[in-house]
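*Asks:* just coords:
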């Protein structure tokens, strides 16, 4: 492991901690969602959360001095996320896009760290991350089945899988844009 690389166990720990935080919030989150909905604040809360995530991503790209290709890809990713979220009929399910997108990205880093020296195909890492995040989302729904204020919904399992797939695809396309820009700079 070279200096500056985060150890594999920390990525697994972060992914596990993210899932545990989601699971621990299942009961109280419904109370908060009901409170926000009763005051007509749920859509505003979701919009604020999406804006905060967008600002964090943009700040990271600015700090890294991302090239124009990455900004174009990020704009397209934002359009895809926006279109998908707008089509969701149950507003609070939009949180799944953030929750299981982050979980998938953490699993992606854990798998990449595990196989760093063996150079696995990126597709294997990405599919593994989607699989782990989807399994975590299914456990989320199984826990909800046992809670008195929640219910099991197979559509949410699918939404969690889509959220993981969108995040992993966005990360892969952004990495490809970054690699293309770096290759162009080396060739010039």
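*Replies:* That came in fine, so what should we check first? Nothing here was measured: the structure is a model prediction, and the numbers come from that model.
*Asks:* low-confidence ranges in the chain?
*Replies:* 1-4, 117, 119-120, 181-188 (pLDDT under 70).
*Asks:* in it, which helix is the longest?
*Replies:* Counting by DSSP state H, the longest helix found in the chain is helix 154-187.
*Asks:* pull out the buried positions in that one.
*Replies:* Neighbour-count burial for helix 154-187, counted by 16 or more other C-beta atoms under 10 Å, picks out 156-157, 159-168, 170-171, 174, 177-178. All C-beta spots, glycine's among them, are computed from the backbone N, C-alpha and C.
*Asks:* what is the burial count for residue 137?
*Replies:* Counted with other C-beta atoms under 10 Å, the neighbours of residue 137 add up to 26.
*Asks:* buried set for the helix or strand harbouring residue 20?
*Replies:* Applying DSSP states H and E as the criterion places residue 20 in helix 8-38. Across helix 8-38, burial judged by 16+ other C-beta under 10 Å covers 8, 11, 12, 14, 15, 18, 19, 22, 26, 30, 36.
*Asks:* dump those residues into TSV; add distance to residue 111 as well.
*Replies:* Below are the buried residues of helix 8-38 laid out as TSV (distance: C-beta to C-beta, whole Å):
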residue	distance to residue 111
8	9
11	8
12	9
14	13
15	10
18	15
19	15
22	19
26	26
30	32
36	35
